[in-house]
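Q: sequence unavailable; structure follows:
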């Protein structure tokens with residue numbers, strides 16, 4: 001999540017360098033959230049069947065999307081890469097949270113603390 005948070009402030013600068021308007025930059029910044037919203041249910045269903053595969057495939061999609069973002073020279077390719085980021089995050093996060101829940105269920109009295117610590121780490125990664 002450090003990479004996700006670190007990229008957001010640079011998107012407008014990168015967008016200007018390839019000729020995007022301010023509104024196009026806004027669309028590019030919000031694209032991962034839209035994809036994440038649309039894929040979350042399907043990703044969750046996949047993670048219920050195979051947590052590790054969901055997480056690893058999501059991480060692979062994120063890596064490809066990061067390369068796509070770096071190589072983009074136009075709005076359509078940048079938008080596609082950013083949508084891919086949201087798709088990858090959906091699968092990676094569903095698998096990761098499913099695995100964390102499985103682990104936390106081994107110590108039910110610590111479940112809330114374990115899940116809260118994970119959320120704190122996510123927030124720290126985005127803030128950094």
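A: Thanks, I have the structure now. Only a predicted model underlies this, so the values are computations on that prediction, with no experimental measurement involved.

Q: for the rest of this, base every contact and every neighbour count on C-alpha atoms.
A: Noted.

Q: residues of stretch 114-128 that come out buried?
A: Across stretch 114-128, burial judged by 16 or more other CA atoms under 10 Å covers 114, 126.

Q: one more: stretch 64-81?
A: So stretch 64-81, judged by 16+ other CA under 10 Å, has buried residues 64, 65, 66, 68, 69, 72, 73, 75, 78, 79, 80, 81.

Q: ranges for the strands of this protein?
A: Taking DSSP state E to define them, one finds no strands in the chain.

Q: how about low-confidence regions in it?
A: 1-6 (pLDDT under 70).

Q: try it again at 90.
A: Regions of the chain meeting the criterion pLDDT under 90 cover residues 1-20, 22, 70, 100-101, 103-115, 117-119, 121-128.

Q: the helices in it, which residues?
A: Remark: helices assigned in the chain by DSSP state H are 2-7, 11-17, 22-49, 51-71, 75-104, 111-127.
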